[in-house]
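Undergrad: Could you work out the structure for the sequence below:
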Amino acid sequence: MKSNQIIFDVLSKQELEDLIGKSLKEVIKNNPFNCPPDQELLTREEACKLLKVDSSTLWRWTNKGKVTAYGIGSKRFYKKDELIKSLIQLNTKRL
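TA: Residues are numbered from 1 along each chain as shown. Purely as a prediction, here's the structure:
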């Protein structure tokens, strides 16, 4: 049963920093909105920057089905891991 008592304890600056740091790490770790970096959603601009292409190229690749866009309203997003997986290896052997 929880008590409504407030207990004051004297902590050193280092102990307080450690306590806050540990608490923040736990909150960040258990945040349901956190996703692994490879599952990150990118805006059009971020996707263009990642792929080093113009927005018209990204638009054309999306229309041809080379990359997949996801949207909400007029906003478009791209999954970072899907963009990376869409890259193909080119044969660079010289004869």
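
Undergrad: which residues of the protein fall in strands?
TA: Ranges of strands in the chain, per DSSP state E, are 41-43, 70-72, 75-79.

Undergrad: winner for burial among the ones you listed?
TA: strand 75-79 (a mean of 17; mean count of other CB atoms under 10 Å). From N, CA and C alone the C-beta is placed, and that goes for glycine too.

Undergrad: Tell me the helices and strands packed up against it.
TA: Where contact means 3 or more CB pairs under 8 Å, 6 or more residues apart in numbering; DSSP states H and E, strand 75-79 is packed against strand 41-43, helix 44-51, strand 70-72.

Undergrad: Pull the residues that contact the first one.
TA: When contacts are defined by CB atoms under 8 Å, 6 or more residues apart in numbering, strand 41-43 is touched by residues 50, 70, 75, 76, 77, 78, 79, 80, 83.

Undergrad: cutoff 10 Å now
TA: 35, 47-51, 70, 75-80, 82-83 (CB atoms under 10 Å, 6 or more residues apart in numbering).

Undergrad: swap in the last one?
TA: Contacts with strand 70-72, where a contact means CB under 10 Å, 6+ apart, come from 41, 76, 77, 78, 79, 82.

Undergrad: That one: partners in the sheet, and parallel or antiparallel?
TA: Strands that pair with strand 70-72, judged by DSSP bridges, come out as strand 75-79 (antiparallel).

Undergrad: Next, the angle from the partner strand to helix 44-51.
TA: 30 degrees (axes from the mean of the first three to the mean of the last three CA atoms, to 10 degrees).

Undergrad: Just give me how far strand 75-79 sits from the chain centre.
TA: Mean-position distance between strand 75-79 and its chain equals 12 Å (CA atoms, centre = their mean, to the nearest Å).
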